[in-house]
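*Asks:* Sequence and computational prediction follow.
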Amino acid sequence: MAQEHESWKPEDDAKLATLFETTDKNGKAAIGNTDLSKKCIELIHGTHFKAKKCSDFQPLHKRKVRKWNLEQTLQGARRSPARKCKCLHLPC
């Protein structure tokens, strides 16, 4: 008999975001947001998202990690004071 797998829900997005933000006592992230290897994704899947189908989880996780990294990069750029273009030394 085939096993039913849950679809991705907004609660899962929140859980993944919490995992990205969670750090241990040494300041290391609970899950890596830069390692997109199959081994790492399977480890995260098996540990935190067992109810999801692995073949569906892998591309979804990669998309979510890339989106998270982009948002963090842009957020840092928005917080910095008026930056100047390196090429013309003018305010952007």
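*Replies:* It's in.
*Asks:* make it CA atoms for all contacts and neighbour counts henceforth
*Replies:* Will do.
*Asks:* Tell me which other helices or strands the biggest helix by length in the chain touches.
*Replies:* Across the chain, the longest stretch assigned as helix under DSSP state H is helix 54-79. Here helix 54-79 touches helix 38-48, going by 3 or more C-alpha pairs under 8 Å, 6 or more residues apart in numbering; DSSP states H and E.
*Asks:* Using CSV, write out every CA atom in the helix it packs on.
*Replies:* Only the C-alpha atoms of helix 38-48 are listed here, as CSV (Å, rounded to 0.1, in the frame of the first residue of the first chain):
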residue,chain,number,x,y,z
LYS,A,38,22.0,15.8,-1.5
LYS,A,39,23.5,14.3,1.7
CYS,A,40,22.7,17.5,3.7
ILE,A,41,19.2,17.8,2.3
GLU,A,42,18.4,14.2,3.0
LEU,A,43,19.7,14.7,6.6
ILE,A,44,17.4,17.7,7.1
HIS,A,45,14.5,15.8,5.5
GLY,A,46,15.0,12.8,7.7
THR,A,47,15.4,14.8,10.9
HIS,A,48,12.8,17.6,10.5
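*Asks:* quick one: the spatially most central residue of the chain from residue 26, how far?
*Replies:* Nearest residue to the geometric centre of the chain (C-alpha atoms, centre = their mean): residue 65, 2.8 Å. Residue 65 sits 22 Å away from residue 26, going by C-alpha to C-alpha, to the nearest Å.
*Asks:* Could I get the contacting residues of residue 33?
*Replies:* 20, 65, 68, 69 (C-alpha atoms under 8 Å, 6 or more residues apart in numbering).
*Asks:* What about residue 21, how many residues nearby?
*Replies:* 13 (other C-alpha atoms under 10 Å).
*Asks:* Does residue 7 touch residue 54 like I think?
*Replies:* No. Using C-alpha atoms under 8 Å, residue 7 is not in contact with residue 54, being 11.4 Å away.
*Asks:* So between these two, which is more surrounded?
*Replies:* Shown here are residue 7 and residue 54; by other C-alpha under 10 Å, residue 54 has more neighbours (16 against 11).
*Asks:* For that one, give its distance to residue 75.
*Replies:* 31 Å.
*Asks:* Doesn't residue 11 lie inside a helix?
*Replies:* Yes. Residue 11 forms part of a helix when assessed by DSSP: H, G, I helix; E, B strand; the rest coil.
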